[in-house]
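> Generate coordinates for the sequence data below:
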Amino acid sequence: RSLAIIVTLVMVLGVIGGIVYLIIPPMIEQFEKLGELVTRYLHETTHVRNFPTVSQWLNQNSDEIQRFFRNKEVTEAIRNAMPKVFAVITETANVIISVIASLVTLIYLFFILLDYEVLSSGFIRMFPKKNRPFWRSLMDDVEKQLDSYIRGQGLVALCIGFLFCIGLTIIGFPMAIG
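Take a look at the predicted model:
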């Protein structure tokens, strides 16, 4: 049984890895395009072609830069922007925590799948003998319905993801896969 669980988890991770392998190269390509667009925009708007020029400019205009940041409007803009920056940092931390929680869930899933019968029979033994058949049938129904629900939701999410990717690629939306 543990071998079957390990093989299943390896297959699931393999499918996820394959999907990531198919998605990551186009995403990298699209991020490179984004970098080129940002670089081109900066070159066209600032007319600065190399970075040593920027450092020289910063050294030459340090007094004006300090005056700029002491300006009331600039400090107000920074004061308004800081909560948004902290919100982005918080959201990033939430994503990292979600990834870690997903990995912990996979570990729990492995052990629950490994000892499901032991866990379910132990749960049923908590009830009086006359009520155990009811709880056994309830657990079987819950197991079937939960299995169907998870499969259905996974299929819906997969279909929607593919359709969005295809649709955005067809209309030429930049970074459609990302």
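
> Quick check: longest helix in this structure by residues?
Using DSSP state H, we find that the single longest helix of the chain is helix 2-46.

> so for it, what's the average pLDDT?
The predicted model assigns helix 2-46 a mean pLDDT of 81.

> Same question for stretch 100-114.
Taken as a whole, stretch 100-114 has an average pLDDT of 81.

> Going forward, count from 48.
From this message on, residue numbering opens at 48, which makes the last subject stretch 147-161.

> Figure out how far it is from the centre of its chain.
Distance of stretch 147-161 from its chain centroid, counting by C-alpha atoms, centre = their mean, to the nearest Å, is 18 Å.

> can you count the residues close to Gly219?
Using other C-beta atoms under 10 Å, Gly219 has 7 other residues around it. For the C-beta atoms, the positions are set from N, CA and C on the backbone; glycine is no exception.

> Torsion angles phi and psi at it?
In terms of degrees, to the nearest 10, the main-chain angles of Gly219 are phi 80, psi 20.

> measure it to Cys212 for me?
13 Å (C-beta to C-beta, to the nearest Å).

> Also Leu105?
Distance, Leu105 to Cys212, by C-beta to C-beta: 42 Å.

> So which of these two has more stuff around it?
Looking at Leu105 and Cys212 with other C-beta under 10 Å, you find the greater number of neighbours at Cys212, namely 16 against 10.
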